[in-house]
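In: what follows is a predicted structure for the sequence shown.
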Amino acid sequence: MSAVLREQGFQVEHQGATWADAEALSVTVPDVIVVDLWMPTYDEEALALVRQHAPDAILAVVTALDAEDATRQVADIGVDLVLSKSRPPDEVAALIAARARGAEPATA
């Protein structure tokens, strides 16, 4: 995902593999945060903390769940994008880039 985000013009500053990593990285106030909804388990509290630490960042989650189901699951947290893992990574990155430019719907 980092490579395809770079291809879309993003500067990838940090990467993490756990919710603790996501929480720690969110305090750096990035422009965009992309997390796997189940990394390796769903943690609603951690996702809410990520949103709290970076309220102005675009918060995108990728998931193997049905996008509509996942959107309902995270609706109260303020996630900006819910993206299906069934999409090719370059499409996911393009959708994130489009949202960053203000041109993409919240579920794809």
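Out: Okay, I see it. Because the structure is predicted, anything quoted here is derived from the model rather than measured.
In: for Glu91, give its distance to Ser84.
Out: Computed with C-beta to C-beta, to the nearest Å, the distance linking Glu91 and Ser84 is 9 Å. C-beta: built from backbone N, CA, C; applies to glycine.
In: Ser2 too?
Out: From Ser2 over to Ser84 (counting by C-beta to C-beta), the distance is 19 Å.
In: what about those two, which has more around it?
Out: Set side by side, Ser2 and Ser84 show unequal neighbour counts under other C-beta atoms under 10 Å, the larger going to Ser84 at 18 against 13.
In: for this protein, which helix extends over the most residues?
Out: Counting residues, the longest helix in the chain under DSSP state H turns out to be helix 89-100.
In: state the mean pLDDT of it.
Out: Predicted confidence along helix 89-100 averages 88 (mean pLDDT).
In: buried stuff in that helix?
Out: Neighbour-count burial for helix 89-100, with 16 or more other C-beta atoms under 10 Å as criterion, is recorded at 92-97, 99-100.
In: same list (these) but as TSV, adding distance to Asp66.
Out: TSV is the format used below for the buried residues of helix 89-100 (distance: C-beta to C-beta, whole Å):
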residue	distance to Asp66
Val92	16
Ala93	21
Ala94	21
Leu95	17
Ile96	19
Ala97	24
Arg99	20
Ala100	24
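In: what two of those are the furthest from one another?
Out: Pairwise distances across these (C-beta to C-beta) peak at 12.8 Å, for the pair Val92 and Ala100.
In: list phi and psi for the spatially closest residue to Gly78 that is not a sequence neighbour.
Out: In this structure, Gly78 finds its nearest non-sequential neighbour in Arg51, 4.9 Å apart by C-beta to C-beta, 6 or more residues apart in numbering. With angles defined as degrees, to the nearest 10, Arg51 shows backbone torsions of phi -60, psi -40.
In: ok, Arg51 touching Asp76?
Out: No - in this structure Arg51 lies outside contact range of Asp76 using C-beta atoms under 8 Å: 10.0 Å.
In: more neighbours, these two?
Out: A direct count of neighbours by other C-beta under 10 Å for Arg51 and Asp76 places Arg51 higher, at 19 against 10.
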